[in-house]
Structure formats: C-alpha cells, structure tokens
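Engineer: Sequence first, then the predicted structure, then my questions.
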Amino acid sequence: MSDLDISKINHVEIKQDRVIKVFAHGKKSAIRFNREVTALKRLAYIEGIPSLFSYSPTHRCIAIERIPGTPLSLADHIPDQFFAQLRVLIENLLLCGVARHSLPARDVIVQPDGSVGLVDFERCSFRHFVGDPMWWVASKVAHFNLLRLIDSYAPVQLTYDEQHMLYRQYKWQNRYRNIRQWLQR
C-alpha cells in the first residue's frame, strides 16, 4: 500500500461499549465526517442504529455506541426474519431522510438476539425538501442495494416483482459496463 492509500484509511477503535472513529485526512474526509454525524443525528433512537455519543469537527472524530454482533458477511447463522427486519430498518432510514449509497454485508450486523444493526453512514444522501429529485434517485439506489443484498444471502425472500426489477437493473449495468469498456478502447 502506498503512503497515499494509508492516508485515506479511517482509524477505528472498537471498545466494549463504544466505537471511536477518526476520519482520515484527505479531500473528502470533512464531507464524509459531516455526513456520518448528520445521519446519526437524524437516525437517533432507531433500533439497530448506533447512538452518537460525541463528536469533534476539529479532530474529525466520533464516538458511537457499539452494536454487538457479527457482520453479515461473517455470520454463520442468519435468522429467518432477519431480512424482513432489514427491510423495515431501511424504510425507517428513508422516512428519516437518509439513503445509503451502498449496503455492503460488512456494514449489516447480525446481533446476538438475531436482530439487525447497521453501521457506517459516511456515504449517504439526505432528503433536503419534499419532492427533491435527487432524493428520488437516492432512495431508488438504497432500495436496489437492499434487494441486491437479499439476493446474495436469501434470494427466496424476494418477490417475483423484486427479482424482475433486479434482473432489469443487472441488465442495464452490464450494458453500461460494456459501453464504458468499448469507449475506453
């Protein structure tokens, strides 16, 4: 890894009851820091979202509640109702005006009681006003990422319409990728 790559990595310290996250210095670190703080404030008191204990804009550091459990990507057992709970959690985020840009399995936590937790909100969008066209796009992306995650871990839990929508999205992604590769040649 080059020195440039190392400077872009956030420092995360996991303690018994909290997580301390120090954002790396770089071009967009202040933006990512502000997004995470804003998201955690908007999502305060939602079950499965870590509480924001404190933050320092000067040091770009936050202290948040530690959500106990295992990342979905490492979980041995996923309860039957887990993805139904994840759907509700994502809808609650959207109702609060927060849409994640992606939903990697490492950010989805399977808690010891089988409930869902969600961490890492530095890459998200916010609803600024009713009818915001960018919000419409962001919420569609959030739904797509949720369905893609369910498709990876529990495809039988997708409805026919959801499977069909994913198929169309995958088809468009492949077309876009092929066009981009062709243009690069």
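Structural biologist: Cool, got the structure.
Engineer: and the gap between the nearest residue to Ile62 once chain neighbours are set aside and Gln157?
Structural biologist: Among residues not flanking Ile62 along the chain, Tyr55 sits closest, at 4.4 Å (CB to CB, 6 or more residues apart in numbering). For glycine as for every other residue, the C-beta is placed from the backbone atoms N, C-alpha and C. Here the criterion is CB to CB, to the nearest Å. By it, Tyr55 lies 36 Å from Gln157.
Engineer: Tell me the helices and strands packed up against the lengthiest helix in the chain.
Structural biologist: Ranked by residue count, the top helix of the chain under DSSP state H comes out as helix 160-184. Judged by 3 or more CB pairs under 8 Å, 6 or more residues apart in numbering; DSSP states H and E, helix 160-184 is in contact with helix 133-153.
Engineer: Dump the helix it packs on to PDB, restricted to CA.
Structural biologist: Backbone C-alpha positions of helix 133-153 (Å, rounded to 0.1, in the frame of the first residue of the first chain) are rendered in PDB as follows:
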ATOM      1  CA  PRO A 133     -35.400  14.800  -7.400                       C
ATOM      2  CA  MET A 134     -32.000  13.800  -6.100                       C
ATOM      3  CA  TRP A 135     -33.800  12.200  -3.200                       C
ATOM      4  CA  TRP A 136     -35.900  10.100  -5.500                       C
ATOM      5  CA  VAL A 137     -32.800   8.700  -7.200                       C
ATOM      6  CA  ALA A 138     -31.000   8.100  -3.800                       C
ATOM      7  CA  SER A 139     -34.000   6.200  -2.400                       C
ATOM      8  CA  LYS A 140     -34.100   4.100  -5.600                       C
ATOM      9  CA  VAL A 141     -30.400   3.300  -5.200                       C
ATOM     10  CA  ALA A 142     -31.000   2.400  -1.500                       C
ATOM     11  CA  HIS A 143     -33.800   0.000  -2.400                       C
ATOM     12  CA  PHE A 144     -31.700  -1.600  -5.200                       C
ATOM     13  CA  ASN A 145     -28.800  -2.200  -2.800                       C
ATOM     14  CA  LEU A 146     -31.200  -3.700  -0.300                       C
ATOM     15  CA  LEU A 147     -32.600  -6.100  -2.900                       C
ATOM     16  CA  ARG A 148     -29.100  -6.900  -4.200                       C
ATOM     17  CA  LEU A 149     -28.000  -7.900  -0.600                       C
ATOM     18  CA  ILE A 150     -31.100 -10.000  -0.100                       C
ATOM     19  CA  ASP A 151     -30.500 -11.700  -3.500                       C
ATOM     20  CA  SER A 152     -26.900 -12.600  -2.300                       C
ATOM     21  CA  TYR A 153     -28.000 -14.100   1.000                       C
END
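Engineer: How about residues contacting that helix?
Structural biologist: 72, 78, 83, 86-87, 90, 93-94, 97, 99-103, 105, 108, 125-128, 157-158, 162-163, 165-166, 169 (CB atoms under 8 Å, 6 or more residues apart in numbering).
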